[in-house]
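Undergrad: The sequence isn't on hand, but the structure is:
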């Protein structure tokens, strides 16, 4: 039996420690092709490159892992599009995995996440897809405890399939003394980032801002990704790309008269 | 009675004809503040600026309209965040409108749309929000037939409210000889972009790509935004920012054993 074909991407760029860990796990399971950004693309959401050109070149960043790897000048969504069209051509990946992101993509962060946009872009193409994130923003984050859950979820996805038109958003608690309790299927918590902007003057006395912010969770549910992570579970949220608020359609039709 | 406060943004940048038309309509209804990108941000999806600085300056682009306007170096989502934190401070907008985009944001394009990310960012903040797009990509697109529907929908939103945690995705057919038939509340059509990449060599003989693509609609439903637009209706889709595929949770719990 031939090995499953696994496409790997991320948003922290092809030299990030997180993608290296993901490639190492994927190599235990299947044939791996990497197409990842050539520079950090955090917070890029579902951005794509239109009105500008894209580069795609063989990468030496993962040479020691002996894996076919490409670096792309575009966004994570661009990487998946170029992988499909140019790198894989007529081969269909059995799974697309993105990450492991340096930092949480739970709850509302899924919207801003380049990691998840690569996974969702793959799901739009009809490929089973998973985005992995570690709740630790450090470039030198410790991913060692994540490998076991990542491998378990990848094997699960290949065996049981991912529901159609969804991509899994997997978040892994930061490394701590406590062992991870398990894996929970969750819904996205209702939460938001409460931004503040740090106002400064540049050397020419012109004003600029740095975005900072605190995460605020409004959701008391025990079935959310936030609850799972706080309680040291790995959270798995199935995400869809139909944004329609179906429940709101009847109300709009009743209340609004056009 | 004081006029409603309307915040206007877009993704084509503060000098685009589309935002000018939207500001003109908004000025008939309320007090208007504009915070928009200082350059085109098409296809930016829900990108935000992290790990980099932001500029925000008074803009003269809409000086002749006598409106308070700011241009920002960031993405549409950044504009809304900075508008809330810095420009409006303690004032809550009664409505946030984004656009009018030069080009369709119907169906799957909502995911890539900077126009809609400004509206969805506002909805996350709890502000009623609408993104407007014209199905004409031209910089010199004719927006003249759009004003009536835009005004009707803005007045509707102020009178009837927009359902909580949703933003409206409004698309307007391209100008044609036929009069617009009306406004329809719709769901997002199941469709995708079938990308191709045009491979070229730069003057140094290094390869680069241009993304091109065709829109493919898989959805035969007559309740979709695509159906409405093809039949010369304005489409209105309520969009949510909870991406959870709630219907998939039970299946994952049943089939996957962790």
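TA: Looks like it came in fine. These numbers come from a predicted model, not from an experiment.
Undergrad: what residues are up against residue A:233?
TA: Counting by CB atoms under 8 Å, 6 or more residues apart in numbering or on different chains, residue A:233 touches A:173, A:180, A:181, A:182, A:183, A:184. Using the backbone N, CA and C atoms, a C-beta is placed for each residue, glycine as well.
Undergrad: Spatially nearest residue to it, not counting backbone neighbours?
TA: Counting by CB to CB, 6 or more residues apart in numbering or on different chains, residue A:233 lies nearest to residue A:184, which is 4.5 Å off, once chain neighbours are set aside.
Undergrad: for the helix or strand harbouring the one you found, the distance to its chain's centre please.
TA: Under the criterion of DSSP states H and E, residue A:184 resides in strand A:182-185. Offset of strand A:182-185 from its chain centre (CA atoms, centre = their mean, to the nearest Å): 17 Å.
Undergrad: List the neighbouring strands of that strand plus their orientation.
TA: strand A:233-240 (parallel) (DSSP bridges).
Undergrad: what does the stretch 1-150 of chain A have sitting close to chain B?
TA: When proximity is defined by CB under 8 Å from any CB of the partner chain, the stretch 1-150 of chain A lies next to chain B at A:40, A:42-51, A:53-57, A:77-78, A:81-82, A:84-86, A:108, A:110-112, A:117, A:120, A:124-125.
Undergrad: Of the residues you listed, which belong to helices?
TA: Counting by DSSP state H, these place A:77, A:78, A:81, A:82, A:117, A:120, A:124 in helices.
Undergrad: Do a quick rundown of the strands in the stretch 151-258 of chain A.
TA: Under the criterion DSSP state E, counting those that start in this stretch, the stretch 151-258 of chain A contains strands at A:166-172, A:182-185, A:191-201, A:207-217, A:233-240.
Undergrad: which residues touch stretch A:63-70?
TA: Contacts for stretch A:63-70 (CB under 8 Å, 6+ apart): A:14, A:20, A:23-24, A:27, A:32-36, A:56-62, A:82-83, A:87.
Undergrad: Counting neighbours, which bits of that stretch end up buried?
TA: A:67, A:69, A:70 (16 or more other CB atoms under 10 Å in any protein chain shown).
Undergrad: what mean pLDDT does that stretch have?
TA: Throughout stretch A:63-70, pLDDT has a mean value of 97.
Undergrad: tell me how far it is from the chain's mean position?
TA: For stretch A:63-70, the distance to the chain centre is 21 Å (CA atoms, centre = their mean).
Undergrad: ends of it, how far apart?
TA: By CA to CA, to the nearest Å, the extent of stretch A:63-70 from end to end equals 11 Å.
Undergrad: So residue A:147 versus residue A:173, what's the distance?
TA: As judged by CB to CB, to the nearest Å, residue A:147 and residue A:173 stand 14 Å apart.
Undergrad: And residue A:153, by the same measure?
TA: Taking CB to CB, one finds residue A:153 at 14 Å from residue A:173.
Undergrad: just residue A:25 next, same as before
TA: For residue A:25, the distance to residue A:173 - CB to CB - is 17 Å.
Undergrad: Contact partners for residue A:53?
TA: Residue A:53 neighbours (CB under 8 Å, 6+ apart): A:73, B:208, B:209, B:210.
Undergrad: Leaving out sequence neighbours, find the closest residue to residue A:215.
TA: That would be residue A:193: by CB to CB, 6+ apart, it lies 5.9 Å from residue A:215.
Undergrad: can I assume that neighbour is in contact with residue A:212?
TA: No - the criterion here is CB atoms under 8 Å, and residue A:193 misses it with residue A:212 at 9.7 Å.
Undergrad: Comparing the two, which residue is more hemmed in?
TA: Comparing residue A:193 with residue A:212 by other CB atoms under 10 Å in any protein chain shown, the one with more neighbours is residue A:193, at 18 against 12.
Undergrad: Next one, pLDDT for the more buried one please.
TA: pLDDT at residue A:193 comes out at 94.
Undergrad: Over to residue A:1?
TA: 64.
Undergrad: and what of the one 10 residues further on?
TA: Residue A:11 carries a pLDDT value of 95.
Undergrad: which residue sits closest to it in space, ignoring its chain neighbours?
TA: residue A:114 (2.9 Å).
Undergrad: With residue A:221 instead?
TA: Per CB to CB, 6+ apart, closest to residue A:221 is residue A:227, 6.5 Å.
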